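[1] only geometry, no sequence info:
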Ligand SMILES: NC(=O)c1ccc[n+]([C@@H]2O[C@H](COP(=O)([O-])OP(=O)(O)OC[C@H]3O[C@@H](n4cnc5c(N)ncnc54)[C@H](OP(=O)(O)O)[C@@H]3O)[C@@H](O)[C@H]2O)c1
C-alpha cells in the first residue's frame, strides 16, 4: 500500500456521535473528505441533517439519525438503522459530551450524574454496541474523545468541573482497557484528548463557557499561544480512523498546543 492509500477511507462507513456540532462535526467532515460514508447522530437530528448536507457536498454519503447515548435502546436503534442503510460500520467516533461547572463542594448529584452518564456511560454503550459488530467483522477503528484536562487536577480558575475531569479520565481508561481486550479481534481503540478548541461547548462569545471564562489564562499559558482550530484535529482523526494506525491501539493523542508538556 502506498502512503496515500493508507489514509484512504473510500468504501468505509463511519459513525460520529455528537457529529451535528463542534468537534464532532469537524471530524465527520474530515472522514467524508477522505471518502468515508458518515452517519451523523445526536439528540438534535436537525443539526445532524445540516452536517449531512455538507458531507454530500464533499461527494460522500451521509445519514442523520437521532441518538441519545445515555439510552441503551436509542443506541441499539441508531446502530440498527445505520447498518440497514450502509451494511457495515468500520469507524466509530464518540464525540458526544456534556459539561457543567460548579465548585466540587457545590456540584449537584444531578450535574455529576449527567456528565458521567453522557461522557462515560454513553461512550461505553456506543463502544459496546458498535464494538460487537466490529468484532464480528474482525475490523474496526474506535476513537473516543476525551480531554487534555482528564489527566490531572485543574485549577478551579481554569475549569471548575470535577465531574467533567473525572469523566474524561474514565474515557481514557475505558479506551486503554477495550484496546487490550479487543486488539486480538482487529478492533483498534484510541483517544484524542483535545485541549481548548472553540465550539458550542467552549465559545468565547458565550458567557459561562470554559473559553469565555478562561480565555485570558489560556492565552498566556498555552505554549503555542492560541486555541485549537478545526485543522488541528484533521491529521489525528485521519490517522486513527485509517490503516495508517494499524499498529497503534490504546493510545491517547493530546492536541493541546503543548499545555500538558509544562
Ligand atoms: N471544545 C473543546 O475545547 C473540547 C476540549 C476537550 C474535549 N472536548 C470534547 O469534545 C466533544 C465535543 O464537544 P464540543 O466542544 O464540540 O461541544 P458541542 O458542540 O457542545 O458538542 C457536544 C455534542 O454532544 C452531543 N450530545 C450531548 N449529549 C448527548 C446525548 N445524550 N446523546 C447524544 N449526543 C449528545 C450534542 O448533540 P445534541 O445536543 O444534539 O445531543 C453535541 O453535538 C465532547 O466530548 C467534549 O467533552 C471538547
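    Sure thing, it's come through. Everything quoted here is computed from the prediction, not taken from an experiment.
[2] Doesn't residue 253 belong to a strand?
    Yes - per DSSP: H, G, I helix; E, B strand; the rest coil, residue 253 lies within a strand segment.
[3] Who does it form a beta bridge with?
    residue 192 (DSSP bridges).
[4] do you know how far it is from residue 239?
    Using CB to CB, to the nearest Å, one gets 8 Å for the distance from residue 253 to residue 239. Where C-beta positions appear, they are placed from N, C-alpha and C, glycine not excepted.
[5] Residue 5 now?
    For residue 5, the distance to residue 239 - CB to CB - is 14 Å.
[6] More neighbours: these two, which one.
    residue 239 (18 against 11; other CB atoms under 10 Å).
[7] Contact partners for the more buried one?
    By CB atoms under 8 Å, 6 or more residues apart in numbering, the residues touching residue 239 are 7, 245, 248, 253.
[8] what about residue 256, neighbour count?
    The number of residues packed near residue 256 is 22, by other CB under 10 Å.
[9] Would you mind confirming that it makes contact with residue 222?
    Yes - contact criterion CB atoms under 8 Å: residue 256 and residue 222 qualify, at 7.4 Å.
[10] tell me, what's touching the two both at once?
    By CB under 8 Å, 6+ apart, the residues touching both residue 256 and residue 222 are 195-196.
[11] how about the residues of the protein near the ligand?
    Where the chain comes near the ligand, counting by CB under 6 Å from any ligand atom, the residues are 17-18, 20-24, 42-44, 47, 67-70, 95-98, 118, 122, 145, 147, 194, 196-197, 199-202.
[12] Please repeat the previous calculation with a cut-off of 5 Å.
    18, 20-23, 42-44, 68-70, 95-98, 118, 145, 147, 194, 196-197, 199-202 (CB under 5 Å from any ligand atom).
[13] If any of those residues are buried, give me the ChimeraX selection for them.
    To isolate the buried ones among the residues of the chain next to the ligand in ChimeraX, judged by 16 or more other CB atoms under 10 Å, type:
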select :18,20,21,22,23,42,43,68,69,70,95,96,97,98,118,145,147,194,196,197,199,201,202
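[14] so residue 8 touches residue 31, yeah?
    No - Residue 8 is not in contact with residue 31 according to CB under 8 Å; the separation is 11.5 Å.
[15] Pick out whichever of the two has more residues nearby.
    Legend: neighbour count by other CB under 10 Å for residue 8 and residue 31, higher for residue 31 (29 against 17).
[16] which outside residues touch the helix or strand hosting that one?
    If you go by DSSP states H and E, residue 31 is part of helix 22-33. If you take CB under 8 Å, 6+ apart as the criterion, helix 22-33 is touched by 9, 14, 16-19, 38, 40, 42, 51, 54-55, 58-60, 62, 91, 93, 95-96, 143, 145, 194, 197, 199-202, 230, 233-234, 237-238, 241.
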